[in-house]
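Q: okay, predicted coordinates and the sequence, questions at the end:
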Amino acid sequence: MAATSLNRSVAFVFAATMIFVGSSCTGSSSDSGETAEAGDNYPGYLGAGTDAPPPFSRGVLDCFYDGLHPDLPAATIEHTFEVFEDVDVVHVRLTLDPRFVDNTFGVNAIGWEESKKGKHTFKELVGSDHAQLKFHGAGGKLLEMKIDYVSKDDDVASGYRSMGVHGGDGKVLEGEIAHVLSTTTSLDRNLNERGLGAYTEDSPETDDSYTPHPTAGAWDYRVVYEARIDMAAFPSGFDRALVEFIHASPAKGEDNTIIVEPDDCPEDWCNDPDGCDPGGCTDPDGCDPPDTCNDPDGCDGGGCTDPNGCDEPECDEDVDCPTGEFCSEQGSCLPEIG
């Protein structure tokens, strides 16, 4: 897989998600009141701090790669089903690799020397950072949204919070906003839930291993986005949540936006001693994704491989997309960033 920045010349390589999304692992930890221990990695990245929730109980973990780092995903998406305020929801959590972006800034920034500016500030996290997620049900894509990472808000003690899909860089692009019941981010939790709102100039001091700070151990150094979606958004059932690219302004590397594609999660990320393949794979070397080609003449990688059919492309040319986006070769509207 080749690393790709998001621009008009890039070849879009996300068709594999029509067959499967990474490898799915069911975790054995509970998400009800448990917190991470110092030095633990959830779901596999350094920097969770001492207060981050562990992987979802009975959750599914999907991994996405940028091509430069085959040993570690550029992003992961976990999802599980739960009841939130008496409503059945799917709870989704997107976590970005700290090698791409993290919650270190100011004099205590870690690994930002090679970035375009050679530094990282809190204000840059407030700028344009967001995550764009697509949610599929049995009938295809039913919801798409951007989640704001953090914005200025004088109504909270820290002065900053995530606006979710209701402001900042967040909004619902497709589907009903009423189905988005809650959102949060790791930086919002750091500043508000964890009582660390004073850290808006320099993040808590740490090292390359993201060792928790003695007096701010709860600080999550990872960039994490979460959302709870009403299951009413998926009348025929929930299928999966996807990312086609990840974005940070700035990122630690050369490109602020990179396309990602799914692949097997690292084997040692499995948290279930009985194994993590809900599909019944018993091969210690892993299993191939299911063959879903339904063409008697064979299928190539460029066509629809879903036996239930594939979504119609959302665009044919740039004019079909909202302002500030362009139409990719695969018929998806993508933002013109950087």
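A: Good, I have the coordinates. Residues are numbered from 1 along each chain as shown.

Q: only C-alpha atoms from now on, for both contacts and neighbour counts.
A: Will do.

Q: give me the below-cutoff pLDDT ranges for the stretch 1-150 of the chain.
A: Applying pLDDT under 70 to the stretch 1-150 of the chain picks out residues 1-43, 57.

Q: now the helices for it?
A: Using DSSP state H, counting those that start in this stretch, the helices of the stretch 1-150 of the chain run over residues 122-127.

Q: quick check on residue 257: phi, psi?
A: Residue 257 adopts backbone torsions of phi -130, psi 130, taken as degrees, to the nearest 10.

Q: okay, it: pLDDT?
A: With respect to pLDDT, residue 257 scores 92.

Q: got a list of what the nearest residue to it once chain neighbours are set aside touches?
A: For residue 257, ignoring the flanking residues on the chain, the nearest one in space by Cα to Cα, 6 or more residues apart in numbering is residue 247 at 4.4 Å. By Cα atoms under 8 Å, 6 or more residues apart in numbering, the residues touching residue 247 are 129, 130, 131, 256, 257, 258.

Q: swap in 10 Å and give it another go.
A: Residues in contact with residue 247, defined by Cα atoms under 10 Å, 6 or more residues apart in numbering, are 6, 96, 100-101, 128-132, 255-259, 337-338.

Q: the residue nearest to residue 102 when sequence neighbours are not counted: neighbour count?
A: Nearest in space to residue 102, with sequence neighbours left out and distances taken as Cα to Cα, 6+ apart, is residue 222 at 5.1 Å. Neighbours of residue 222 under the rule other Cα atoms under 10 Å: 27.

Q: now residue 156
A: When neighbours are counted by other Cα under 10 Å, residue 156 registers 12.

Q: pretty sure it sits against residue 163.
A: No - with contact defined as Cα atoms under 10 Å, residue 156 does not reach residue 163; the gap is 11.8 Å.

Q: OK, contacts around the residue lying closest to residue 321 once chain neighbours are set aside?
A: Of all residues not flanking residue 321 in the chain, residue 333 sits nearest, at 5.7 Å (Cα to Cα, 6+ apart). For residue 333, the contact set (Cα under 10 Å, 6+ apart) comprises 313-318, 320-322, 324-327.

Q: can you name the two of these that sit furthest apart?
A: Across the contacts of residue 333, no pair lies farther apart than 313 and 324, at 18.3 Å, counting by Cα to Cα.

Q: relative to residue 105, how far out is the closest residue to residue 93 other than its chain neighbours?
A: Closest residue to residue 93 apart from its sequence neighbours, by Cα to Cα, 6+ apart: residue 226 at 4.4 Å. Taking Cα to Cα, to the nearest Å as the measure, residue 226 falls 22 Å from residue 105.

Q: and those two? Which one has more around it.
A: Set side by side, residue 226 and residue 105 show more neighbours around residue 105, with 25 against 21, by other Cα under 10 Å.

Q: now the more buried one, what are its backbone angles?
A: Torsion angles, degrees, to the nearest 10, at residue 105: phi -160, psi 170.
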